[in-house]
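*Asks:* Sequence and predicted structure are below.
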Amino acid sequence: MTLTIHGAPYSTCTRLVALVCKEKQIPFNLSVVDLSKGQHKAPGFVAVQPFGQIPYIDDDGFVLYESRAIARYLIRKYPNQGTQGLIPTDPKEEALFEQAASIEAFNFNPFASGIAFEKVFKPRRGLQTNEQAVEERLALLRAKLDAYDVILGKQKYLAGDQVTLADLQHLPYGTLLANAGYGDLFSEATRPNVSRCVCCMRRRPTWQDVLQNLK
Amino acid sequence: MPLTIYGSPFSTCTRLVVLICKEKQIPFNFVLVDITKGEQKAPEYVDKQPFNKVPYIDDDGFALYESRAIARYLIKKYADQGTPDLIPSDPQSEALFEQGASIESFNFNPPASGIALEKIVKPLLALRTDEKTLEKRSVELNEKLDIYDVILGKQKYLAGNKLTLADLQHLPHGTLLFTNGFEDLFTSRPNVARWWNELINRPAWQEVTTYFNPVA
């Protein structure tokens, strides 16, 4: 039975799971959950995903939620197909991958998602942006990206010289911010090494496929 | 050469790493990074940890930072000693562990650390608590723990019926809140209370507390 992703095409977390499916050449169906109709808060949904969040997957009866957990499960389930090395198996390389994945979770995601929430998702729902919150998060994100620029001046990707899931994890919110007018965060003038890496990542055919075709 | 942890007793993330060393019976040296004096911002420190955070480890020349990455590395390196199966190896059990670990990182940690910052850390630094943020984070954490109570009503631990690293990840910030006037978060929900009571009384966690607060 084909993998089913229960999510939404515009959801950053759903996009990460779809991206990993593209990278690992895993066929999937997207079952759209309409957040505007509150489908994620319906009793049937919450029975499966108790936090009322998207996405979750149903892999032939095995249910899993939390996009980064789903990504890891799929990468480990299909080691011999698609993009190799997304989670290294050598102990030290794996540890450096975990370090990079944690960098994304705690040094990038909180600020990037906070800005996106205020500047992209709130307006879509007719809610007012808290500009001070945006400014605070931008200041913090800039400091973090300065550290990224140091790291990426010494190695090609966040975990070393090979692309890993840790790099992919940045694409959904990174792209959202760039499209919302914050491209200067990743510009060659301000952070040349971040810029190089971001450009390279955004051009991945698998990511372009998700952006253009996920429905 | 024994493992060296560079960290601070005030740091929740440092305590997670020390906890894993206790759980997995890994000897270590501790080098104090005095964050009250800003030692984590010194150039030689930032060279090792570019985000100027504590902790990082040096394992016989192998440097690693981000406490959850360090925890995973040590658990896998010393799989055959101390508390077993903190990261399961069966694919579906491992996936449910990853789900539990992500729940902690994205559903528990943000509001828990947010409350700790406003109510505990800021007063210590003579900074003003942002009451609006505190209220928002409190509402959020209460909502999340209501959901934890549902999950923990069906299974013993966050990832299933065995203890994993995902449960242990809650101890540092959880204890900070529990011992600073927020015990109600944990005691008012029956399944959370059962789970929390077991976690906080783990001998390894007691050892961490003693390690940083030695009784004369």
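*Replies:* Everything's here; your move.

*Asks:* nearest residue to B:Gly82 other than its sequence neighbours?
*Replies:* Sequence neighbours aside, B:Lys24 is the residue nearest to B:Gly82 in space, at 3.8 Å (criterion: Cβ to Cβ, 6 or more residues apart in numbering or on different chains). (C-beta placed from N, C-alpha, C; glycine too.)

*Asks:* dump the residue contacts of the one you found.
*Replies:* By Cβ atoms under 8 Å, 6 or more residues apart in numbering or on different chains, the contact list for B:Lys24 reads B:Leu74, B:Ile75, B:Tyr78, B:Gln81, B:Gly82, B:Thr83, B:Leu86.

*Asks:* Reformat those residues into a markdown table and put neighbour count, distance to B:His170 and pLDDT next to each item.
*Replies:* Below are these laid out as a markdown table (neighbours: other Cβ atoms under 10 Å in any protein chain shown; distance: Cβ to Cβ, whole Å; pLDDT from 0 to 100):
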| residue | neighbour count | distance to B:His170 | pLDDT |
| --- | --- | --- | --- |
| B:Leu74 | 25 | 18 | 98 |
| B:Ile75 | 22 | 16 | 98 |
| B:Tyr78 | 17 | 22 | 98 |
| B:Gln81 | 11 | 23 | 98 |
| B:Gly82 | 17 | 19 | 98 |
| B:Thr83 | 18 | 16 | 98 |
| B:Leu86 | 24 | 13 | 98 |
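
*Asks:* Is there proximity between the helix-or-strand element of chain B with minimal mean pLDDT and chain A?
*Replies:* The least trusted helix or strand in chain B, going by mean pLDDT, DSSP states H and E, turns out to be helix B:122-124, with a mean of 91. No: if you take Cβ under 8 Å from any Cβ of the partner chain as the test, helix B:122-124 misses chain A, and the best it gets is 14.6 Å.

*Asks:* The helix or strand that comes right after that helix packs against which elements?
*Replies:* Sequence-wise, the next helix or strand downstream of helix B:122-124 (DSSP states H and E) is helix B:131-151. Contact partners of helix B:131-151 among helices and strands, from 3 or more Cβ pairs under 8 Å, 6 or more residues apart in numbering or on different chains; DSSP states H and E: helix B:109-116, helix B:184-187, helix B:190-200.

*Asks:* Show me which residues of chain A sit near chain B.
*Replies:* A:50-51, A:62, A:64-70, A:72-73, A:76-77, A:91-92, A:94-96, A:98-99, A:101-103, A:105-107, A:110, A:144, A:147, A:150-151.

*Asks:* how about the helices and strands packed on helix B:131-151, which one is nearest A:His170?
*Replies:* Nearest to A:His170 among these is helix B:109-116 (18.3 Å), distances taken as Cβ to Cβ.

*Asks:* The closest one to helix B:131-151, inter-axis angle?
*Replies:* Interaxial angle, helix B:109-116 versus helix B:131-151 (axes from the mean of the first three to the mean of the last three Cα atoms, to 10 degrees): 130 degrees.

*Asks:* mean confidence score for helix B:109-116?
*Replies:* Confidence for helix B:109-116, expressed as mean pLDDT, is 97.

*Asks:* Is chain A within reach of it?
*Replies:* Yes: with Cβ under 8 Å from any Cβ as the criterion, chain A is reached by helix B:109-116 at B:Pro110.

*Asks:* neighbouring contacts of that helix?
*Replies:* A:110, B:12, B:133-134, B:137-138, B:140-141, B:144, B:169, B:173-174, B:176-177, B:180, B:182.

*Asks:* if you set the cut-off to 6 Å instead, what comes out?
*Replies:* B:Arg137, B:Glu140, B:Leu141, B:His173, B:Leu176 (Cβ atoms under 6 Å, 6 or more residues apart in numbering or on different chains).

*Asks:* Return the member of those residues nearest to A:Asp58.
*Replies:* Closest to A:Asp58, out of all of the contacts of helix B:109-116 and judged by Cβ to Cβ, is B:Glu140, at 28.0 Å.

*Asks:* related to what we said a few turns ago, any idea which of the helices and strands packed on helix B:131-151 gets closest to A:Glu23?
*Replies:* helix B:109-116 (27.4 Å).

*Asks:* How about the contacts made by the closest residue to B:Glu39 other than its chain neighbours?
*Replies:* With Cβ to Cβ, 6+ apart as the criterion, B:Glu39 has its nearest non-adjacent residue at 4.9 Å, and that residue is B:Val33. By Cβ under 6 Å, 6+ apart, B:Val33 lies in contact with B:Tyr6, B:Ser8, B:Glu39, B:Gln40, B:Val54.

*Asks:* just to revisit the earlier point, tell me the helices and strands packed up against the least confident helix or strand of chain B.
*Replies:* Counting contacts by 3 or more Cβ pairs under 6 Å, 6 or more residues apart in numbering or on different chains; DSSP states H and E, helix B:122-124 packs against no other helix or strand.

*Asks:* chain center to that helix: distance?
*Replies:* Chain-centre distance of helix B:122-124: 20 Å, with Cα atoms, centre = their mean, to the nearest Å.
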